[in-house]
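A.B. asks: Build the 3D model from these lines:
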Amino acid sequence: MSNASANLEWYNATDFGKEIKAKFPNVKINFIATGKGMTPQDLVVSGQQIDLIISSIFSFPLLAETNLLYDMSELIKKNNYDINRLEPYAVEYQKQFGSGGIYGFPISNAPVALFYNKDIFDKFGVAYPKDGMTWDEAYELARKLTRMDNGTSYYGFSTRYPFMYNVNQLSLSYYDPKAQKVLVSDDKFRLFMENFTRFASIPGNEKATTDMFSKEKNVAMMAYQFGKWDFDSWDMVSLPYFKEAPGIGPQVYPTYMNISSTSKHKELAFEILKALTTDDYQMRISKAGTLPSVRNPEIIKAFGEAGDPANGKNYKGKNVGAFFPAKRANASFVTKYDDIVAKRINTAFTDIAAGKKDSNTALREVQEASTAEIQSVKK
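C.D. replies: Model (predicted):
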């Protein structure tokens with residue numbers, strides 16, 4: 001489609017707008033940020049025109065509820081777009097959400113790994129983590145490095161449980177929409193919960209947070225996504241594996257760009273999605289330190305080459321291969337009932353870590369209470 005003059009309403013804006021302005025100079029973009037009074041429901045009720053939506057997969061249930069999701073399958077076919085060039089796990093993730101439709105293109109991915117502070121390992125004479133470790137090996141390192149030294153508390157490990165569930169390596173789901181069943185009381189979910197609650201149960205480590213890794217710099221290891229850090233004595237290794245799932249890396253955590261069902265400029269919006277997934281653009285963001293959404297080996301290999309120190313993304317000399325596991329976990333189900341389960345799981349996590357409840361009891365209670373609430377919502 002030619003670069004026709006048009007106004008595009010863009011919900012939840014990011015830096016991608018710079019590329020669009022460069023490639024489509026005749027297109028005027030109106031950015032609508034998320035916030036109070038600016039939720040998808042609010043915008044639908046107000047009649048606000050929306051053409052493009054930036055989201056994660058976990059926004060899809062809400063977008064579906066407000067009828068903003070649009071299956072692009074016909075546009076993909078009409079434009080002869082090769083969907084196989086995109087990160088396959090990110091494409092399959094959204095297919096699993098609905099009835100096999102394509103509701104958006106992944107335009108970037110989150111860099112997930114086990115980060116570590118070399119200064120802490122050096123201080124206590126402990127060998128650095130390695131690629132291919134198991135969670136059991138990471139746990140032993142965390143125990144060694146959780147200590148008090150000259151009045152300073154050092155923490156062996158930090159993470160955020162909700163995020164680790166979102167990228168979980170066991171392909172766990174809170175709810176199975178096909179079987180219409182809550183799934184948190186089986187052995188695999190107990191294994192997953194006990195893996196992370198044990199880190200929080202290490203005496204002295206219970207106060208560790210991911211912010212401490214970059215601010216106080218007193219956390220030895222952090223399982224999370226890359227952030228903007230003002231020190232250089234860090235590196236990373238692949239996210240540890242479950243011995244029950246050897247070699248399986250985290251699920252993808254992509255950022256999607258979706259065409260809104262309300263858009264009056266769907267063809268032009270699709271042209272923009274094509275522009276943001278070209279090899280040229282993906283190569284540039286990959287070199288600057290943003291995980292690409294395409295599977296081109298040369299683009300993946302170029303990750304972090306140029307760096308972007310102004311934005312805290314300088315990977316020079318770092319083990320960037322940790323971001324690219326040979327095999328990723330299959331996608332979990334994402335449903336509109338997940339929040340009902342998640343709020344109870346988060347409480348259960350805290351109770352298990354604090355020793356208030358054993359994992360079998362806590363997860364059984366979550367299963368029962370979540371099932372009851374979901375049934376009441378369905379009525």
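A.B. asks: mind checking the end-to-end distance for stretch 349-369?
C.D. replies: End-to-end span of stretch 349-369 (Cα to Cα, to the nearest Å): 15 Å.
A.B. asks: swap in stretch 42-54?
C.D. replies: Distance across stretch 42-54, first residue to last, is 16 Å (Cα to Cα).
A.B. asks: Repeat that for stretch 327-337.
C.D. replies: For stretch 327-337, the separation between the terminal residues is 28 Å (Cα to Cα).
A.B. asks: Can you tell me what sits against that stretch?
C.D. replies: Contact with stretch 327-337 is made by 57-58, 60-62, 64-65, 89, 92-93, 96-97, 167-177, 245, 247-252, 370, 374, 377, as judged by Cβ atoms under 8 Å, 6 or more residues apart in numbering. Just so you know, the C-beta spots here come from the backbone N, C-alpha and C atoms, and that holds for glycine as well.
A.B. asks: Just the buried residues of those residues.
C.D. replies: 57, 60-62, 64, 89, 93, 97, 167-170, 172-175, 245, 248-252, 370, 374 (16 or more other Cβ atoms under 10 Å).
A.B. asks: Excluding residues flanking it in the chain, which one is nearest residue 286?
C.D. replies: Excluding the flanking residues, the one nearest residue 286 by Cβ to Cβ, 6 or more residues apart in numbering is residue 292, at 4.4 Å.
A.B. asks: Residue 107 is in contact with that neighbour, correct?
C.D. replies: No: counting by Cβ atoms under 8 Å, residue 292 does not reach residue 107; the two are 9.0 Å apart.
A.B. asks: Which ones among the contacts of stretch 327-337 lie within helices?
C.D. replies: Among these, DSSP state H puts 60-62, 64-65, 89, 92-93, 96-97, 370, 374, 377 in helices.
A.B. asks: now the residues you listed as TSV including pLDDT and distance to residue 159?
C.D. replies: What follows is the ones in helices among the contacts of stretch 327-337, written out as TSV (pLDDT from 0 to 100; distance: Cβ to Cβ, whole Å):
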residue	pLDDT	distance to residue 159
60	91	24
61	90	25
62	88	26
64	90	29
65	90	30
89	91	21
92	89	25
93	87	21
96	81	25
97	78	25
370	98	23
374	97	28
377	92	30
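A.B. asks: show me where the stretch 51-200 of the chain has strands.
C.D. replies: Listed in chain order, the strands of the stretch 51-200 of the chain (DSSP state E, counting those that start in this stretch) span 52-55, 104-109, 112-117, 147-149, 152-159, 175-176, 181-182.
A.B. asks: would TSV of those with distance to residue 140 and mean pLDDT be doable?
C.D. replies: Formatted as TSV, the strands of the stretch 51-200 of the chain follow (distance: least, Cβ to Cβ, whole Å; pLDDT from 0 to 100):
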stretch	distance to residue 140	mean pLDDT
strand 52-55	39	91
strand 104-109	30	92
strand 112-117	14	98
strand 147-149	14	96
strand 152-159	9	97
strand 175-176	34	95
strand 181-182	33	96
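A.B. asks: With that, I have no additional questions.
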